[in-house]
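**Student:** Predicted model and sequence below, questions to follow.
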Amino acid sequence: MQNKTISKQRKAYIALMRGLMGISIVLTCALVLFLIGYVLAKGIPNISWELLSTAPSYLSDRIGILPDILNTVYIIFTTLLIVLPLGVGAAIYLTEYAKNKKVVAVIEYAAETLSGIPSIIYGLVGMLIFFQLFGMQTSLLAGSLTLAIMNLPTVMRTTQESLKTVPQSYREGAFGLGAGKWRVIRTVVLPGCIDGVITGCILSIGRILGESAALLFTAGFAHSLNGFFEGLQSSGATLTVALYVYAKENGEFEVAFAIAAILMVLTVFINLSATLVGKYFKNRRNI
Amino acid sequence: MKKIISFLLIAVFAVSTLAGCSSQAGGSVSTDGSTSMESVIGALGEAFENENSGVKFTYNPTGSGSGITAVAAGRCDIGLSSRALKDEEKANGLTETVLAYDGIAIVVNPENPVSDLDLETIAKIYTGQITNWSEVGGNDGEIVLIGREAGSGTRDGFESITGTEDACKYRQELTATGDVITTVSSNPNAIGYASLASVKDTVKAISVGGVVPTEETVKDGSYAVQRPFVLVTKTDTKLSEVAQKFFDFALSTEANDIITGAGVVPAN
Amino acid sequence: MKNRKQLLETIIHGIFLVLGLITVGCVLIISIYLVISGIPAIREIGLVDFLFGKKWASTAAEPSYGILPFILTSVYGTAGAIVIGVPIGFMTAVYLAKLANPKVKSVVQGAVSLLAGIPSVVYGLVGMLTLVPAIRILFHVPDGASLLAAIIVLAVMILPSIINVSMTALEAVPKEYEDASLALGATPVETYFRVSVPAAKSGIAAAVVLGVGRAIGEAMAIMMVAGNAPNMPSLFQSVRFLTTAVSSEMSYAADGSLQKQALFSIALVLFLFIMLINATLNFFLKRSKEN
């Protein structure tokens, strides 16, 4: 019915816009499919149990990525251990304590600035601060500390969002019963922000998994098999750094693609769990 | 939440104790430096670990300059450099010990018919006086110069031997040996240089002035493009017991087979 | 009893205050450290020679430290990525936010967030093995590792941020605006582009700025495809960005040398760019919130 009244010019405009949108969406999807297909096709045939379960050996000319997998686990664990108290604490301060609007604005601006700083700068400053100031050497711990600063804004933001959804009436109720502020936070506020903390963890894990530039200069790229505490003090490559090293330094593309395929699968897994966690808590809240 | 944390804790400790089995206390040796020395130092370290159970050997492939810095700053026991130390570095209290000699292979794509160039021609190619492969008996095609980044031991060695310091007109400056080989293998008109020990069959190492780069020609010095692999230590600080043990092991005759196996020529 | 309780509350308040200020502390430490380590080399080289020098030869017998090639490469590379990435991302965002049915929307959104989660080295790896040879063959140039390759990789990498941020902005446009336009006889497509998009323009601008920030700060992926020679930028030449200039020579430069200090100065310049972009981003985000 409308069509009759639409001029040719308008029709052309609509067709053009529709066409452009179509092209864009097809391009985007094709790109994702190509990337997934290419990496998986090249990577999966090279994944073997031997690759996953051994350390590399020069004498027998074998490549194994077990140390890199362990390093990745260590670094994720340590980073979260450092960043969670800091991020959650900062978020609690912002939503529960801070009364001065200017202070809040400054802190939030700082957090946004932190999230905008590229990882290469983190790597560089991490190297400067942790080596020169604290006399550390390239180690997983130095890497974790750097990554903790990097992920601070993420954890802070997700926790803050979930704190905002804790109804004010809960707090007032608890105060009314005579509870002190700290007690209210412990018993009412903290349990309310679990979903934010978990989402923050998942997002941070994703970012840590994919990080390379910040780790090259701080955590180094050794492939030695270590226990947890020993590993923290020695240099080690995470999977992503190992991928870079194998592709660039050694030209071992089979291994590189195998790692890329593993990372790709992990990324899908992390995205899915982030969505699921979000949905789960949303549903629970609505009940 | 507590459950999740304690579960995570348990998981990590379980994993770490499992992995920790292989490395009881017994001292550690840390090395840091040249990426070109990866295969030789990796093999030496592994053999050393096998012989001395409980000893931990680490190698951090960061680059010659970085390795020298690291040993000077005490961040590692032994620095690895694929170039001789500069005078000012020696003046800063560092000592060099030559571990082995390595040829720098001039590599081209396997499709390239050119298989021999003399030093002078190589210098002309790298300084941009010769720009087409047809000028040196190859197919018609612009020569693509692949080099290493400033500070690389391989680049230092190559440029000083060919007399092309600061004059190379690189098309690409890559940060690693493997990268050079990959790039040359994927471009039919590329030429690059890389440690002989790392050369694979995806590229062709050409002869220089008629001399094919092999262990023998590197050893007798007839292959001109070569450089030392150096262990860097502090002059006035004693190595730890284990580190000294590794140092002696690396320079012993029994290590020669391992060094040769990694494709370079032992110094002793 | 009461006093003790109050004391406890005060202490805890103090602890949280410190935690809250940690982000501010981090930003300050990062800025101070970069400035302190970046200034000496600039002093020695001279600000003008450093920023506008056209030649970078850090290890030459007579070293010269001009970073104009890196600055221009970063600017051109980012601009190129924006020119390619923004239209595609924007159009996709409009389609997803307004026209797509829920099923298509959730699938494509999943795909886009996957794109955002892929590590940058994977982009570099795929680019190095597919894009670089493709450029060499398609454009008959001697070597494919070039500014163009970097631009394409960057465009792909900023796509997810542009799509996500624009979508959020478009979805926040009040439905009444659109209903009014539709009631006046505009078709849906016209409504979306002539009413919704202008209403969401601050958010979309924020998306573009965010993309700029991402592109200018990326290091690993472009290190693998750009060739890294310190040339003045040109589409088919191998080039070096600010980020790759820092990372490629960092591991080889000797401590305390002018070369290493100059690398820190490059990082400082990069940092200043980023701060500028952050400020712009904040401006647009604030405006989009106010709307």
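**Tutor:** Thanks, I have it.
**Student:** Every contact and neighbour count from this point should use C-alpha atoms.
**Tutor:** Fine.
**Student:** show me what contacts the residue in the stretch 101-250 of chain C positioned nearest to chain A?
**Tutor:** Chain A sits closest to C:P119 of the stretch 101-250 of chain C, with a gap of 4.1 Å, by C-alpha to the nearest C-alpha. C:P119 is in contact with A:209-211, A:240, A:263, counting by C-alpha atoms under 8 Å, 6 or more residues apart in numbering or on different chains.
**Student:** how does it look with 10 Å?
**Tutor:** C:P119 makes contact with A:206-212, A:240, A:260, A:263-264, A:267, C:157, C:220-221 under the criterion C-alpha atoms under 10 Å, 6 or more residues apart in numbering or on different chains.
**Student:** and these, which two are the farthest apart?
**Tutor:** For these, the farthest-apart pair by C-alpha to C-alpha is A:T267 and C:M220; their separation is 18.3 Å.
**Student:** out of everything not next to it in sequence, what's closest to residue 237?
**Tutor:** Just going to use chain A. A:F221 (4.2 Å; C-alpha to C-alpha, 6 or more residues apart in numbering or on different chains).
**Student:** that's the wrong chain, I wanted chain C
**Tutor:** Spatially, and ignoring its direct neighbours in sequence, C:Q237 is nearest to C:S146 (5.0 Å; C-alpha to C-alpha, 6+ apart).
**Student:** gap between the one you found and C:A221?
**Tutor:** As for C:S146, its distance to C:A221 is 13 Å (criterion: C-alpha to C-alpha, to the nearest Å).
**Student:** And for A:Y38?
**Tutor:** For A:Y38 relative to C:A221 (C-alpha to C-alpha), the value is 17 Å.
**Student:** what residue ranges in chain C score low on pLDDT?
**Tutor:** Residue ranges of chain C with pLDDT under 70: C:1-2, C:252-255, C:291.
**Student:** Centroid-nearest residue for it?
**Tutor:** Per C-alpha atoms, centre = their mean, the C-alpha nearest to the average position across chain C is that of C:R214, at 1.6 Å.
**Student:** was I right about that one contacting C:G77?
**Tutor:** No. The pair C:R214 / C:G77 is not scored as a contact, 11.7 Å apart, by C-alpha atoms under 10 Å.
**Student:** okay, and the common contacts of the two?
**Tutor:** C:L154.
**Student:** The residue nearest to C:Q237: what's it in contact with?
**Tutor:** Counting by C-alpha under 10 Å, 6+ apart, the residues that C:S146 touches are B:171-172, C:132, C:135-136, C:222, C:225-229, C:233-240.
**Student:** ok, 7 Å please
**Tutor:** With contact set as C-alpha atoms under 7 Å, 6 or more residues apart in numbering or on different chains, C:S146 has these partners: C:225-227, C:235-239.
**Student:** can you list contacts of stretch A:8-21?
**Tutor:** Against stretch A:8-21 from outside (C-alpha under 7 Å, 6+ apart): C:91-92, C:95, C:189-190.
**Student:** Can you tell me how far the closest residue to B:A105 other than its chain neighbours is from chain C?
**Tutor:** For B:A105, ignoring the flanking residues on the chain, the nearest one in space by C-alpha to C-alpha, 6+ apart is B:L196 at 5.0 Å. Distance, B:L196 to chain C, by C-alpha to the nearest C-alpha, to the nearest Å: 21 Å.
**Student:** for B:G261, same thing?
**Tutor:** Taking C-alpha to the nearest C-alpha, one finds B:G261 at 27 Å from chain C.
**Student:** Could you report the neighbour count for that residue?
**Tutor:** 15 (other C-alpha atoms under 10 Å in any protein chain shown).
**Student:** show me where the chain has helices.
**Tutor:** Looking at chain A here, since you left the chain open. A:8-43, A:49-53, A:66-92, A:101-116, A:119-127, A:140-164, A:168-176, A:181-184, A:190-192, A:194-210, A:213-216, A:228-233, A:239-248, A:253-286 (DSSP state H).
**Student:** Correction: the question concerned chain C.
**Tutor:** C:2-45, C:47-52, C:68-94, C:102-117, C:120-126, C:132-138, C:147-171, C:175-183, C:188-191, C:197-199, C:201-217, C:220-225, C:242-250, C:258-290.
**Student:** okay, these in JSON lines with distance to B:G178 next?
**Tutor:** Listed next are the helices of chain C as JSON lines, based on distance: least, C-alpha to C-alpha, whole Å:
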{"stretch": "helix C:2-45", "distance to B:G178": "32"}
{"stretch": "helix C:47-52", "distance to B:G178": "32"}
{"stretch": "helix C:68-94", "distance to B:G178": "25"}
{"stretch": "helix C:102-117", "distance to B:G178": "27"}
{"stretch": "helix C:120-126", "distance to B:G178": "13"}
{"stretch": "helix C:132-138", "distance to B:G178": "17"}
{"stretch": "helix C:147-171", "distance to B:G178": "20"}
{"stretch": "helix C:175-183", "distance to B:G178": "57"}
{"stretch": "helix C:188-191", "distance to B:G178": "52"}
{"stretch": "helix C:197-199", "distance to B:G178": "48"}
{"stretch": "helix C:201-217", "distance to B:G178": "25"}
{"stretch": "helix C:220-225", "distance to B:G178": "12"}
{"stretch": "helix C:242-250", "distance to B:G178": "15"}
{"stretch": "helix C:258-290", "distance to B:G178": "24"}
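**Student:** Nearest to A:C201, out of the ones you listed?
**Tutor:** When the helices of chain C are ranked by proximity to A:C201, the top entry is helix C:102-117, at 14.5 Å, counting by C-alpha to C-alpha.
**Student:** Which single residue of the stretch 101-250 of chain B ends up nearest chain A?
**Tutor:** Per C-alpha to the nearest C-alpha, B:G178 is where the stretch 101-250 of chain B lies closest to chain A, at 4.2 Å.
**Student:** Which residue ranges make up the domains of chain B?
**Tutor:** B:27-100+B:229-266, B:102-226 (automatic domain parsing).
**Student:** Now do the same contact list for A:V125.
**Tutor:** For A:V125, the contact set (C-alpha under 7 Å, 6+ apart) comprises C:I30.
**Student:** run the last query once more with 10 Å
**Tutor:** A:119, A:131, A:146, A:214, A:217-218, C:29-31, C:33-34, C:37, C:264, C:267.
**Student:** Tell me the pLDDT of it.
**Tutor:** Note for A:V125: predicted pLDDT of 90.
**Student:** which ones are touching B:N256?
**Tutor:** Listed by C-alpha under 10 Å, 6+ apart, the contact set of B:N256 reads B:44, B:99-100, B:249-250, B:262, B:264-268.
**Student:** just to revisit the earlier point, which of the contacts of A:V125 ranks first by neighbour count?
**Tutor:** Scoring those on neighbours with other C-alpha under 10 Å, the highest-scoring entry is A:T218 at 31 neighbours.
**Student:** starting at the chain centroid, how far to the lowest-mean-pLDDT helix or strand in chain A?
**Tutor:** Lowest by mean pLDDT, DSSP states H and E among the helices and strands of chain A is helix A:228-233, with a mean of 80. Relative to the chain's own centre, helix A:228-233 is displaced by 22 Å; criterion: C-alpha atoms, centre = their mean, to the nearest Å.
**Student:** Model confidence score at residue 234, please.
**Tutor:** As the question left the chain open, I've gone with chain A. A:S234 is given a pLDDT of 79.
**Student:** wait, chain B
**Tutor:** 90.
**Student:** which residues does it contact?
**Tutor:** Residues near B:K234 by C-alpha under 10 Å, 6+ apart: B:68, B:71-74, B:77-79, B:90, B:92-96.
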